[in-house]
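> what follows is a predicted structure for the sequence shown.
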Amino acid sequence: MANYLTTRQISNKLRKLKEEGIPQTIVDELKEELKGKNVTQKQMDLIIKEIVKSYEFAQIDPGSAVGTVAAQSIGEPGTQMSIPGNEKVVVKIGSKTEIIEIGEFIDNLLEKNEGYLIENETETVVYDLPNNSDIYVLGINNKEKIVWQRILQISRHLPNGSLLRIKTKSGRTITATFSHSFVIRKDNEIVPVKGKELQLGDRLPIVLSIPSMTPITELSVSEYLPKEEIWHNPDLAITIPIREEYGGNRYNEHTTSIKQDDSYEIIKIEKIEEEDSFYPRIYQNNKALIPEKIPLTDDFAWFIGAYLAEGSNTGTRISISNINYDYLKKVGKFAEWLNISTATTSKNEEFGSSLSIHLNSMLLAKLMKRMCGKGPETKFVPGWTINTKTEFIGHLLRGFFDGNATISTEKGVIIARSKSKELRDGICLLLSRLGIFAKKSNQGNSYILTIPGKYAEIFHSKIGSDIDYKEKSLLQLIEIEKSKQKTDDSVDIIPGLGTIFEDIKEKLDLSPQVISIASNKQAIGRQACAQYIKMFSEIAVKKGINIDNELMTLNQAYNSDVLWDEIISLEKIDSPTPYVYDFGVSELETFMTAEGIITHNTLQTFHYSGVAEMSVLRGLPRLIEIVDARKNPSTPTMRIHLDKIGEKDEQIAKQVARRIELTTVSNVATSIKHSFAEGCIKIKLEPVLLEDKGIEPETIVKKIQKKRRRIKVEIDPNDEYTIIVTPTKELKFNELPKLAEKVKDIPIKGLKNITRVVVLKNKQGEYYLQSEGSNFSELLRIPGVDPTRCYSSDINQIAETLGIEAARNALIQESLAVMKEQGLDVDKRHVMLVADLMTLVGEVQQIGRHGVSGKKSSVFARAAFEVTVKHLLEAAIHGEHEPLEGITENVIIGQTIALGTGIVDLTMSPNYREFAKEEEN
């Protein structure tokens, strides 16, 4: 009979856990778990050993992103990849841009449209935008250029946990779920990384230069002042004759949009202008004229900037104050253009006299209030200004900075302050249109933007100043920056340079000291990068060495449209909004927030169990896999086309996906626990997952029973979603945990090696599937699949299933796809030649010593590829003959190769003149 430990003995054992450094909370939890349980000495020792082992394994090394890792649970659902609703984004609808909260934008779209998909349990909503949708966001491409890209999908769901708030060195912030993807620069490539994997010191891309896309040239006033609130002069022209001819009692309201009661006020207007313009509904005795469409002139741009910097608004008039008379004179010039009456006042204040100009126009006051805000705390940059011409933006910013900027030659910066965060952030975005970067900071209730001096020359050429002393300070700042031997690049660092400097050093035979800093840190300041490019170019020309590819990589980094901003803070917070949101965009898979931070969109497509990310090997590693003909590629995928019915019906596509994706017991269980006391394993199933994958608990019972002998599997009579697995014979103490591990991996349905299947939709509106993992031969047997159009990236599986000719085509297709993705222009015939060599003997061979190169008939050719000594020794032992017929072997021994002129087997005799004379005689 087994000797069980007493309660006191168990308590003594638990004290040892505390001595091992295990937290008291864990000790107390274990003590509670062991209450009323019979435990032997051996079992107790094993429990303590496993707890200590697990605790030590879970500890985090110094330097790790502790807050990020600790906050994120393992196995977080794929739908948790979004940003909160209060994060602002820049979207372009048609030709007009807006700065809007992502939550408001997506909620409005969902309200206006039908046909979106809802997952009730998690409240996940995914909506595919129509193919003709004209909604765009900004993103970064693989050349590090910012471009406009179309939104394909939108999503909304519950936060399902805490969020990650990131702050960068330049003062930018972004909040997202821990599984949301960002992008970093690594080995000269833009690569995605999950938020939970970010660490302090990592750098995120901040937009430095925003391109325009069909810039607008006029503003429609009716977007801000609807006709219900104002009079439109074409309607006035109709109303007055009707009033005069028929009188008020017989007035027909349906003739015009103007109400009958307003006609009494309209009679007071002496003259109706012929051009399209607006009048206030309460008649004012002035001749102000606001056109229906205001052309986006330089003066209008400047006035908007001046209003944002120095304007106040009473609702009936606008006042702009400044100590500079020329500044106010320019305001008066704009008022004169609209025929608006003005008045000028002066006021003595503590720091000197202040001048103000007042524009008496209710319409203009109402327009500017709605377009730019009213008070100093509520002003903002109109979103449409982002997609205007650069000249318009330059004049707008001139009006703003002339009214609200300090140019400090001592500090080497241009500074502007505002009481409105939205205004400060909007000005930063407009500066990005001109290629100017600004840092952000706060001081009390003041929001500050600081432009480093190195941008002073661009600022002067694209913005400039109309105020003499500011213009002089700006020119002085430019000269100071030019005289500097070294520019402060502490923010503008280019990271992830990989081995590019080492490669150049090897090619140009440079001393290590020349590139030591850049090579060790794999990062360098932008200005320093320009200096290195110049130096390397000069040395390469002098030495006659081609480093064009390396210089192209460095130039791409230097001319990037983004600045790589260092992360200085990672903070776990609760979601500020009930839902979180995400975009799915075309091709580039990135989008920009209004803070200017480029983030990687994780919503690439709708997956029947949430939003999925595919991990696919790309670039050089994938190319190596192909030419090595790897039997087990690291990230095989399959493109699965459906039959005529399935490709048109999403529900059928999802059903086929369920048949293909491998589902194990652990995939549908929330917990799998073994109990030593009861001698069984309890599997707690998740009803939502079962329903999603179309599996019944009884099916799982049958699968487990069939797979494992000497066990009894049954559903818990008290809980239909709990399965109890009981061994039919007594197991040793350590065998029960092992059995639980084996039960977890028992397959319930699907194909072996297929870990994930995603439902996609092509441009023709047809549904198809993409799998993570490959099982090509079994796939073709699945009902609903079109076997004539399916494809696998596993070359060997294609060869086994479809034959060597199909494998050859796959080799060509895969190789060209990798090269195209990397921007390499390779002649297809070269790739076809390699594929022909690899499939020449009827099976797929690698280009290596175990394949094509290792089976060459030439001894020297084999020795030249790899393991030279071994090949030569083997050839000598077997007495092989070297015919010297190939290129490699002839080059090795230094004789002419049998190619071109070398193929002519004709020689000239040194005594040919004597022979020629003899023939003549």
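Nice, I can see it.
> can you pull the contacts of the residue nearest to residue 386 when sequence neighbours are not counted?
In space, and not counting its chain neighbours, residue 386 is closest to residue 97: 4.5 Å by CB to CB, 6 or more residues apart in numbering. No exception for glycine: its C-beta is placed from N, CA and C like everyone else's. Shown in contact with residue 97 (CB atoms under 8 Å, 6 or more residues apart in numbering): 90, 91, 383, 384, 385, 386, 387.
> for residue 451, same thing?
Residue 451 is in contact with 413, 414, 415, 431, 436, 437, 438, 439, 459, counting by CB under 8 Å, 6+ apart.
> related to what we said a few turns ago, dump the contacts of residue 97 into JSON lines; add distance to residue 713, secondary structure and neighbour count as well.
Converted to JSON lines, these look like this (distance: CB to CB, whole Å; DSSP: H, G, I helix; E, B strand; the rest coil; neighbours: other CB atoms under 10 Å):
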{"residue": "90", "distance to residue 713": "56", "secondary structure": "strand", "neighbour count": "24"}
{"residue": "91", "distance to residue 713": "54", "secondary structure": "strand", "neighbour count": "22"}
{"residue": "383", "distance to residue 713": "61", "secondary structure": "helix", "neighbour count": "21"}
{"residue": "384", "distance to residue 713": "65", "secondary structure": "helix", "neighbour count": "20"}
{"residue": "385", "distance to residue 713": "67", "secondary structure": "helix", "neighbour count": "25"}
{"residue": "386", "distance to residue 713": "62", "secondary structure": "helix", "neighbour count": "24"}
{"residue": "387", "distance to residue 713": "63", "secondary structure": "helix", "neighbour count": "24"}
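> which of these sit farthest apart?
91 and 385 (14.3 Å; CB to CB).
> any idea how far residue 132 is from the residue nearest to residue 386?
Using CB to CB, to the nearest Å, residue 97 is found at 19 Å from residue 132.
> before we move on, what about residue 429?
Residue 429 sits 28 Å away from residue 132, going by CB to CB.
> mind checking which of those two has more residues around it?
Counted by other CB atoms under 10 Å, residue 429 and residue 132 do not tie: residue 429 has more neighbours, with 24 against 5.
> shouldn't residue 407 be within a helix?
No: Residue 407: not assigned to a helix; according to DSSP: H, G, I helix; E, B strand; the rest coil it is strand.
> what's across from the residue positioned nearest the centre of the chain in the sheet?
The residue lying closest to the centre of the chain (CA atoms, centre = their mean) is residue 600, at 1.6 Å. Beta-bridge pairing of residue 600 under DSSP bridges involves residue 181, residue 590.
> please parse the protein into its domains.
7-59, 77-208+569-611, 218-291, 296-483, 493-559, 663-749 (automatic domain parsing).
> residue 899 is nearest to which of these?
Among these, domain 493-559 comes nearest to residue 899, with 23.2 Å by CB to CB.
> who are the packing partners of the helix or strand residue 126 falls within?
Using DSSP states H and E, residue 126 sits within strand 124-128. Packing partners of strand 124-128 (3 or more CB pairs under 8 Å, 6 or more residues apart in numbering; DSSP states H and E): helix 102-112, strand 117-119, strand 146-157.
> please identify the most buried of those.
Counting by mean count of other CB atoms under 10 Å, strand 146-157 has the highest mean neighbour count of the helices and strands packed on strand 124-128, with a mean of 22.
> which elements pack onto that strand?
If contacts are counted by 3+ CB pairs under 8 Å, 6+ apart, strand 146-157 sits against helix 102-112, strand 124-128, strand 135-140, strand 580-585.
> who does the helix or strand just after it pair up with?
For strand 146-157, the succeeding helix or strand toward the C-terminus, using DSSP H and E, is strand 163-168. Note on strand 163-168: by DSSP bridges, its sheet partners are strand 173-177 (antiparallel), strand 562-573 (antiparallel).
> in the last one, what counts as buried?
Of all the residues in strand 562-573, those buried under the rule 16 or more other CB atoms under 10 Å are 562, 563, 564, 565, 566, 567, 570.
> how about the first one?
Under the neighbour-count criterion of 16+ other CB under 10 Å, strand 173-177 has 174, 175, 176, 177 buried.
> quick one: which of those residues is nearest residue 523?
Comparing those against residue 523 with CB to CB places residue 174 closest, at 21.6 Å.
> circling back: I'd guess the residue nearest to residue 386 is in a helix, am I close?
No: using three-state DSSP, the secondary structure at residue 97 is strand, not a helix.
> please begin residue numbering at 661 from this point
Right, with 661 as the first residue, what we last looked at is residue 757.
> show me what it is bridged to.
Counting by DSSP bridges, residue 757 is bridged to residue 752.
> coming back round to it: got the angle for the strand holding residue 786 vs strand 1240-1245?
Interaxial angle, strand 784-788 versus strand 1240-1245 (axes from the mean of the first three to the mean of the last three CA atoms, to 10 degrees): 20 degrees.
> what strands flank strand 784-788, and is each parallel or antiparallel?
Assessed with DSSP bridges, strand 784-788 is paired to strand 777-779 (antiparallel), strand 806-817 (antiparallel).
> quick one: average confidence on the shortest one?
Per-residue pLDDT over strand 777-779 has a mean of 53.
> what's the local residue count around the closest residue to residue 1155 other than its chain neighbours?
Once flanking residues are discounted, residue 1155 sits nearest to residue 1183: 4.3 Å by CB to CB, 6+ apart. By other CB under 10 Å, the residues close to residue 1183 number 16.
> with residue 1244 instead?
22.
> residue 1090 now?
23.
> and the next element down the chain from whichever helix or strand it is part of?
Using DSSP H and E, residue 1090 maps to helix 1081-1093. Next helix or strand after helix 1081-1093 toward the C-terminus (DSSP H and E): strand 1099-1103.
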